[in-house]
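**Student:** No sequence on hand, only this structure:
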């Protein structure tokens with residue numbers, strides 16, 4: 001009966017999700033009056049016809065399971081699984097497994113967990129904004145195209161409503177739009193809201209999901225997320241059947257649903273028209289294809305480009321589909337970039353634009369197939385921003401190339417400030433640089449662009465929000481303003497902006513994993529072990545005349561030599577040391593790889609197989 005046991009396990013998980021983890025439904029779900037029937041669901045869920053004996057065996061287990069759940073309670077709900085909430089933190093985001101079905105990945109983001117997190121955010125928000133106790137605070141909720149989005153949106157809404165706040169659901173939305181809803185002044189759309197929650201896990205697989213949180217001050221940081229998760233854990237422990245039913249009832253009575261995306265897209269259209277001296281259709285005649293990767297970005301073709309006059313035929317994967325059947329919605333992914341490049345060439349388009357799932361990242365392709373992503377996207381945006389703000393500082397993450405530094409500082413006349421990986425780190429650093437400090441006699445260092453190689457790009461003029469759609473609006477502005485000035489040539493004006501950028505012949509990222517079960521690490525901290533690896537590598541560089549340590553470096557160990565550079569750093573969250581190598585030739589890249597290999601060979605808990613394989617080839 002092993003097969004049946006597995007089916008029962010899956011049915012219980014599925015049933016919990018269908019019945020909102022059953023705490024909201026107080027009827028016997030096996031009765032004739034119930035909207036759920038085990039026997040029917042077994043046949044459906046199993047995908048195969050089971051024998052009567054198998055079904056009966058499963059039924060006995062499930063009926064016993066139901067008896068545990070049948071009675072309402074005013075005490076803590078006994079059947080909720082224990083959850084380590086802190087493991088859901090992913091920097092300034094929350095992420096977990098929301099859908100069962102992937103082996104070895106149990107569901108961690110259940111509806112009760114989600115409701116607790118939303119309730120904790122609501123409590124945090126109430127503390128931050130206690131200005132008018134007589135007026136309920138409002139929180140907007142949106143989601144990307146993931147298959148778990150609707151279920152989690154309901155759970156989030158219940159957590160907010162249960163805490164006494166008003167809920168405004170936007171449905172399918174982009175992450176940048178959710179932040180904008182805290183800034184928009186339009187009472188017809190119940191804006192500005194006091195807080196916003198975006199349900200997304202960016203480009204991660206279909207079974208994952210998560211949350212991003214905003215106020216009008218921007219996205220929440222790591223410290224805030226930690227506080228919210230700690231509170232959520234306490235709230236979760238105190239859940240009762242009656243309390244959960246009450247929050248569900250409050251949500252059903254108070255939820256309002258609005259199409260805020262019309263406001264957000266209208267603002268993007270206005271921005272391009274303004275850059276083109278208020279021409280109604282400044283992109284008329286331009287052929288621009290969009291690849292949304294079946295995420296939330298399909299709106300860009302119809303709601304932004306078409307009103308501006310652009311031809312969008314050949315755009316692809318605009319329909320939301322949380323299984324992502326065509327390619328990963330990720331501008332860093334080679335398959336995704338190949339897909340949009342082919343679409344541009346096949347349709348003889350002027351430009352291609354690609355978004356990640358929740359539209360906070362983007363990339364582009366010119367008419368002859370040259371990609372604007374990673375270092376080339378940073379170079380393009382730097383050129384555009386430095387035309388508007390000469391001499392400004394461009395803040396990037398740690399893995400940008402030396403050639404980009406030369407381009408920004410020598411060709412464009414700006415400053416390149418390389419900081420830590422993580423889009424929030426990069427944005428916060430740009431904000432910090434611009435703050436004057438009279439105590440330390442500092443007037444601040446002007447910065448207008450913070451951008452990561454992943455495609456996260458934030459502009460000072462756009463409230464330091466990493467907005468993939470707005471980033472592409474800046475690109476469109478360049479096309480439109482060039483045409484308004486009588487300059488022809490389609491996307492050549494963009495390609496010309498990055499002329500002179502030195503690009504490496506070889507660029508690789510290798511992941512060196514730390515085995516936490518190895519005797520050298522077991523019982524200790526993988527972070528301490530990783531730091532020891534970095535310290536030894538730094539000592540090795542200082543004793544090697546062919547390598548030069550980077551004079552300014554905020555993350556890991558970076559060195560130049562053999563016509564290239566390498567950076568070895570410790571992952572923010574995982575027991576991994578990512579190694580980036582860039583060089584003009586494969587031979588020089590091998591020399592850099594060998595230098596790292598010889599320095600770390602004594603660390604037996606470090607899996608260097610990826611580096612060894614690179615060196616051997």
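**Tutor:** Cool, got the structure. Computed from a prediction, not measured in an experiment: that's the story for all the values here. Numbers count the residues shown, from 1 in each chain.
**Student:** Which helix or strand contains residue 613?
**Tutor:** helix 609-616 (DSSP states H and E).
**Student:** ok, residues contacting that helix?
**Tutor:** The contact list for helix 609-616 (CB atoms under 8 Å, 6 or more residues apart in numbering) reads 508, 510, 511, 512, 579, 581, 590, 593, 594, 596, 597. No exception for glycine: its C-beta is placed from N, CA and C like everyone else's.
**Student:** Spatially central, which residue of the protein would that be?
**Tutor:** Most central in the chain under CA atoms, centre = their mean is residue 202, positioned 3.6 Å from the mean C-alpha point.
**Student:** who touches that one in this structure?
**Tutor:** Taking CB under 8 Å, 6+ apart, we find residue 202 in contact with 330, 356, 357, 358, 360, 361.
**Student:** hmm, back to that, closest one to residue 192 out of the contacts of helix 609-616, please.
**Tutor:** For those, the minimum distance to residue 192 (CB to CB) is 41.9 Å, reached by residue 511.
**Student:** Might one say that the closest one is in contact with residue 575?
**Tutor:** No - with contact defined as CB atoms under 8 Å, residue 511 does not reach residue 575; the gap is 10.4 Å.
**Student:** more neighbours, those two?
**Tutor:** The residue with more neighbours, out of residue 511 and residue 575, is residue 575; 20 against 14, by other CB atoms under 10 Å.
**Student:** how far away is the nearest residue to residue 425 once chain neighbours are set aside from residue 553?
**Tutor:** Of all residues not flanking residue 425 in the chain, residue 419 sits nearest, at 6.1 Å (CB to CB, 6 or more residues apart in numbering). From residue 419 across to residue 553, the span is 10 Å (CB to CB, to the nearest Å).
**Student:** So for the residue nearest to residue 425, what's the pLDDT?
**Tutor:** Residue 419 is assigned 97 on the pLDDT scale.
**Student:** Check residue 56 too.
**Tutor:** 44.
**Student:** same check, this time on residue 197
**Tutor:** 98.
**Student:** and if you look at residue 143?
**Tutor:** 98.
**Student:** now swap in residue 219 and tell me
**Tutor:** 94.
**Student:** same thing with residue 439?
**Tutor:** Predicted confidence (pLDDT) for residue 439: 45.
**Student:** and if you look at residue 442?
**Tutor:** On the pLDDT scale, residue 442 gets 47.
**Student:** Just confirm the residue nearest to residue 425 contacts residue 399, I think it does.
**Tutor:** No - here residue 419 does not reach residue 399: they are 10.9 Å apart, not a contact under CB under 8 Å.
**Student:** Could you list the low-confidence segments of this structure?
**Tutor:** 1-79, 131-134, 436-443 (pLDDT under 70).
**Student:** what are the phi and psi angles of the residue nearest to residue 166 when sequence neighbours are not counted?
**Tutor:** Distances taken as CB to CB, 6+ apart place residue 138 nearest to residue 166, at 4.5 Å, with adjacent residues excluded. Residue 138 adopts backbone torsions of phi -120, psi 140, taken as degrees, to the nearest 10.
**Student:** Show me which positions of the helix holding residue 613 end up buried.
**Tutor:** 611, 614, 615 (16 or more other CB atoms under 10 Å).
**Student:** Equivalent analysis for stretch 546-555, please.
**Tutor:** Buried residues in stretch 546-555 (16+ other CB under 10 Å): 547, 550, 553, 554, 555.
**Student:** Please apply the same query to stretch 252-270.
**Tutor:** 254, 255, 258, 260, 261, 263, 264, 265, 268, 269.
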